[in-house]
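Student: Need coordinates for the following:
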Amino acid sequence: MKYFYQLLVSNILFFLILAVLTVMLVGCSKTIKATDNELKSSPPNFQAIADVLGCMFAPGSCSNEANNDQEEITKELDELDKEQE
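Tutor: This is a model prediction of the structure:
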């Protein structure tokens, strides 16, 4: 009788582990396909990426428009802070 319970418990554990692994594999396959489709749907904007990296590593080469935008944003945030006080 003891052997029967050991066999039953081992079979139940085996099928539970098998079910968990199956669910994990099926779940991962759907997310991988979805991210591949998202990446293929829109071309990357290499010029914008190059501009941002250029401004990060050589701030003097950036246009002054970006600096003016930053100043305007800073002023607006300061005004919002004053309104909240």
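Student: quick one: low-confidence ranges for the chain?
Tutor: Low-confidence segments of the chain (pLDDT under 70): 28-43, 63-68, 85.
Student: which stretches of it form helices?
Tutor: Residue ranges of the helices in the chain, as given by DSSP state H, are 2-41, 46-57, 64-84.
Student: For those helices, give me a markdown table that also has mean neighbour count.
Tutor: Using the backbone N, CA and C atoms, a C-beta is placed for each residue, glycine as well. Listed next are those as a markdown table, based on neighbours: other Cβ atoms under 10 Å:
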| stretch | mean neighbour count |
| --- | --- |
| helix 2-41 | 9 |
| helix 46-57 | 10 |
| helix 64-84 | 10 |
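Student: Quickly list the domain ranges of this structure.
Tutor: Domain ranges of the chain: 1-42, 46-85, per automatic domain parsing.
Student: Would you mind measuring from Ile49 to Leu8?
Tutor: 59 Å (Cβ to Cβ, to the nearest Å).
Student: Phi and psi next, for Ala58.
Tutor: The phi/psi pair for Ala58 (degrees, to the nearest 10) reads phi -140, psi 80.
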